[in-house]
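Undergrad: I'll drop the sequence and a predicted model, then ask my questions.
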There are 2 protein chains.
Amino acid sequence: MTRASSRRPGPPTRTERGIPEATVARLPVYLRALTALSDNGIATASSEDLATAAGVNSAKLRKDLSYLGSYGTRGVGYDVEYLRYQIAREIGVTQDWAVVIVGIGNLGHALANYSGFGTRGFRIVALLDADPKLVGERIGDMEVRDFAELEDIVERDRVSIGVITTPAGPAQEVCDRLVAAGVTSILNFAPVVLSVPDGVDIRKVDLSIELQILAYHEQRKSGEAALPQVPELPTMNGLAPELPSVGGGVGA
Amino acid sequence: MTRASSRRPGPPTRTERGIPEATVARLPVYLRALTALSDNGIATASSEDLATAAGVNSAKLRKDLSYLGSYGTRGVGYDVEYLRYQIAREIGVTQDWAVVIVGIGNLGHALANYSGFGTRGFRIVALLDADPKLVGERIGDMEVRDFAELEDIVERDRVSIGVITTPAGPAQEVCDRLVAAGVTSILNFAPVVLSVPDGVDIRKVDLSIELQILAYHEQRKSGEAALPQVPELPTMNGLAPELPSVGGGVGA
DNA sequence: CCGATTTTGTTCTCACGTTCACAAGCTCCT
DNA sequence: AGGAGCTTGTGAACGTGAGAACAAAATCGG
């Protein structure tokens, strides 16, 4: 997304180990589908089977896999275990990534407890919060530590991924501290746009945005012709005699 | 995403009230940026200002806004309140949407407490869980109710949006019940691909997928030339002498 | 009133992503 | 061995999205 890219504009040089971003975003889905098939004792699957399990169409799946190499067998399909390992390796979840979670409110709590998080490949090494009242609390087998310890922890445990679950207010500051400490990938749950220097990847998960996108489509469905018909305010300046107050969701 | 679309393939008919999906996904971001500007007492903003606040470039922002109509003033910029209202109306958050949350585990708890959820426009009308041990528990000013009451609640409160925060296992069944009850938009936090009939929109939020995408880029950065170099397993069948076990994250 | 300045709305071009369609390649049966 | 039947991998067509660039419209100063 916010990949700091130095993409060569010129020729159709596609060979440079470049997997399209859209494909990267689907690889984890394929990985999960393969794991499910494997758990069901299925050893071989066609692109059609896999595509169904992953919720995409088979042409797209085949093209996606073709970026990784030629791991299938024509006339047969894909060996589930083999492909699973290749995708896992490509994504990088064959090694362990150390993760810190900053901001142990409701959401931070939930993530700390979330076992599915412990999908092998990721290891939560610290839960941090600046609030002294929270520091020391035990969650599962971990203890909340002071945010001030961030730098030590990042260095000692080679942390490369940070998860921000603070309110919107402190999020940018937390982000800056993470980056300064050496974290180069950030997953942000706070409802703000964070700015980071080149070389740092950032992804955002935003509940209220997702809901609003659903609302948009929902409105289309129910309304269709019955849209509340533009209350077309005549002039632009000095408008708003009782504009319904509508928050954008910045509130922490 | 999984929009059941009856898009006319033929001519360049663009006028049919069709806002590109990519634009729809950004409107909530603009809405939030406008709200922030408004809270800071800023009455007018140029596309440049807005773009900065929203984390996009100004050309894209202007093009996005142009799909809604001509709400700016050349040489001046946009009236913050006016534009905010227009976007809110377009998205549909000027009206109230009733929401149910199904699955009151860690994440469900967190969402139930999440005040930023109460971004005007969305109203949680029920917290549901099938576990009798949870039913009756109070969370904030709400009480967890039995999943069996779903149909009644959906009908009585005109619920159109459902949030699934169950483990992967029961998610599809919960989804089917929601759809059968009349819910036409679903936000899914369970790590599975849900299938829904045409006409139902579904969006997915998946922590472990986001982490894996970050891991992929992270691997590129640190490794670059030092990639663990393909352990190219010689044949395909009968491979796997000790393949590192790598979960895809289906585990509930 | 006119020209300079600002900023929008839009057009054009290019890059990216998706889907189709089919040749290449593998297995199995006769 | 040879042909029938599948299924992959990919080339080509199509559609969507992004960004540069500019004409059109508004304000402001003289």
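TA: All right, it came through fine. Numbering: from 1, shown residues only, chains lettered A, B, ... in the order given.
Undergrad: how about stretch A:123-140: buried residues?
TA: Neighbour counts over stretch A:123-140 (16 or more other CB atoms under 10 Å in any protein chain shown) mark A:124-130, A:134-135, A:139 as buried. In short, each C-beta sits where N, CA and C put it, glycine included.
Undergrad: what of stretch A:65-84?
TA: By 16+ other CB under 10 Å, the buried positions in stretch A:65-84 come out as A:65, A:68, A:72, A:77-84.
Undergrad: output that stretch as CSV, nothing but the C-alphas.
TA: The C-alpha atoms that make up stretch A:65-84 are tabulated as CSV, following Å, rounded to 0.1, in the frame of the first residue of the first chain:
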residue,chain,number,x,y,z
LEU,A,65,0.5,-18.9,-8.4
SER,A,66,2.4,-18.5,-11.6
TYR,A,67,4.2,-15.6,-10.2
LEU,A,68,5.7,-17.8,-7.6
GLY,A,69,6.9,-20.4,-10.1
SER,A,70,5.5,-23.6,-11.6
TYR,A,71,4.4,-25.6,-8.7
GLY,A,72,1.5,-27.5,-10.2
THR,A,73,1.3,-30.6,-12.4
ARG,A,74,-0.7,-30.4,-15.6
GLY,A,75,-3.5,-32.9,-15.7
VAL,A,76,-3.3,-33.4,-12.0
GLY,A,77,-3.4,-30.3,-9.9
TYR,A,78,-1.3,-29.1,-6.9
ASP,A,79,0.2,-31.1,-4.1
VAL,A,80,-1.4,-29.4,-1.1
GLU,A,81,1.5,-29.8,1.3
TYR,A,82,4.1,-28.8,-1.3
LEU,A,83,2.3,-25.7,-2.4
ARG,A,84,1.5,-24.7,1.1
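Undergrad: contacting residues for A:Val144?
TA: Contacts of A:Val144 were listed using CB atoms under 8 Å, 6 or more residues apart in numbering or on different chains, and they are A:104, A:127-129, A:134-138.
Undergrad: now, these that are in strands?
TA: Members of these lying in strands (criterion: DSSP state E): A:127-129, A:138.
Undergrad: in JSON lines, list these along with pLDDT and distance to chain B.
TA: Shown next, in JSON lines, are these (pLDDT from 0 to 100; distance: CB to the nearest CB, whole Å):
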{"residue": "A:Leu127", "pLDDT": "98", "distance to chain B": "14"}
{"residue": "A:Leu128", "pLDDT": "98", "distance to chain B": "17"}
{"residue": "A:Asp129", "pLDDT": "98", "distance to chain B": "15"}
{"residue": "A:Arg138", "pLDDT": "97", "distance to chain B": "15"}
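Undergrad: from these, which is closest to DNA strand D?
TA: A:Leu128 (33.6 Å; CB to the nearest atom of the strand).
Undergrad: go ahead and confirm that closest one touches A:Leu134.
TA: No. The criterion here is CB atoms under 8 Å, and A:Leu128 misses it with A:Leu134 at 9.4 Å.
Undergrad: overlap in contacts of those two?
TA: Shared contacts of A:Leu128 and A:Leu134, defined by CB under 8 Å, 6+ apart, are found at A:104, A:144.
Undergrad: buried residues in stretch A:28-46, which are they?
TA: Buried residues in stretch A:28-46, counting neighbours by 16+ other CB under 10 Å, are found at A:28-38, A:44-46.
Undergrad: what about the strands in chain A?
TA: According to DSSP E, the strands that chain A contains are A:44-45, A:72-73, A:77-79, A:97-102, A:122-129, A:138-139, A:142-146, A:161-164, A:185-188, A:201-204.
Undergrad: pLDDT at the closest residue to A:Ala171 other than its chain neighbours, what is it?
TA: Computed as CB to CB, 6 or more residues apart in numbering or on different chains, the closest residue to A:Ala171 that is not its neighbour in sequence is A:Ala190, at 3.7 Å. As predicted, A:Ala190 sits at a pLDDT of 96.
Undergrad: who's in contact with A:Ala190?
TA: Taking CB under 8 Å, 6+ apart, one finds A:103, A:164-168, A:171 in contact with A:Ala190.
Undergrad: can you get me a residue count around the nearest residue to A:Gly69 once chain neighbours are set aside?
TA: Excluding the flanking residues, the one nearest A:Gly69 by CB to CB, 6+ apart is A:Gln86, at 7.2 Å. Applying other CB atoms under 10 Å in any protein chain shown, we find 23 other residues in the vicinity of A:Gln86.
Undergrad: wait, A:Gln86 touches A:Gly72, no?
TA: No. Contact between A:Gln86 and A:Gly72 fails when scored by CB under 8 Å: they sit 10.6 Å apart.
Undergrad: thinking again about what came up before, which two among the buried residues of stretch A:28-46 are spaced furthest apart?
TA: Maximum pairwise distance among the buried residues of stretch A:28-46 (CB to CB): 21.6 Å, between A:Pro28 and A:Thr44.
Undergrad: quick check: bridge partners of the residue most central in space within chain A?
TA: Geometric centre of chain A, nearest residue: A:Arg203, 5.4 Å, by CA atoms, centre = their mean. In this entry, A:Arg203 is beta-bridged to A:Leu187, by DSSP bridges.
Undergrad: quick one: the helices in the stretch 51-200 of chain A?
TA: A:58-66, A:80-91, A:106-113, A:150-156, A:168-181 (DSSP state H, counting those that start in this stretch).
Undergrad: is the first one anywhere near chain B?
TA: Right, helix A:58-66. No. Using CB under 8 Å from any CB of the partner chain, helix A:58-66 stays clear of chain B, coming no nearer than 12.6 Å.
Undergrad: how distant is that helix from the center of its chain?
TA: 22 Å (CA atoms, centre = their mean, to the nearest Å).
Undergrad: in that helix, what counts as buried?
TA: Applying a neighbour-count criterion of 16+ other CB under 10 Å, one finds A:61-62, A:64-65 buried in helix A:58-66.
Undergrad: farthest-apart pair in these, please.
TA: A:Arg62 and A:Asp64 (7.2 Å).
Undergrad: contact residues of the stretch 51-200 of chain A facing DNA strand D?
TA: Within reach of DNA strand D by CB under 7 Å from any atom of the strand, the stretch 51-200 of chain A has these residues: A:58-59, A:62-63, A:65-66, A:70-78.
Undergrad: repeat that for 10 Å
TA: By CB under 10 Å from any atom of the strand, the residues of the stretch 51-200 of chain A that approach DNA strand D are A:51, A:58-78, A:83.
Undergrad: about what we covered before: which pair in the contacts of A:Val144 has the greatest spatial separation?
TA: The most distant members of these, if one measures by CB to CB, are A:Leu128 and A:Arg138, lying 14.4 Å apart.
Undergrad: what residues does stretch A:62-79 touch?
TA: Against stretch A:62-79 from outside (CB under 8 Å, 6+ apart): A:19-20, A:23, A:26-27, A:30, A:43-47, A:49-50, A:82-83, A:86-87, A:90, B:236-237, B:239.
Undergrad: same thing but 7 Å
TA: Contacts to stretch A:62-79, defined as CB atoms under 7 Å, 6 or more residues apart in numbering or on different chains, come from residues A:19-20, A:23, A:26, A:43-47, A:50, A:82-83, A:86-87, A:90, B:236-237.
Undergrad: what about that stretch and DNA strand C, touching?
TA: Yes. Against DNA strand C, stretch A:62-79 shows contacts by CB under 10 Å from any atom of the strand at A:62-64, A:66-67, A:70, A:72-77.
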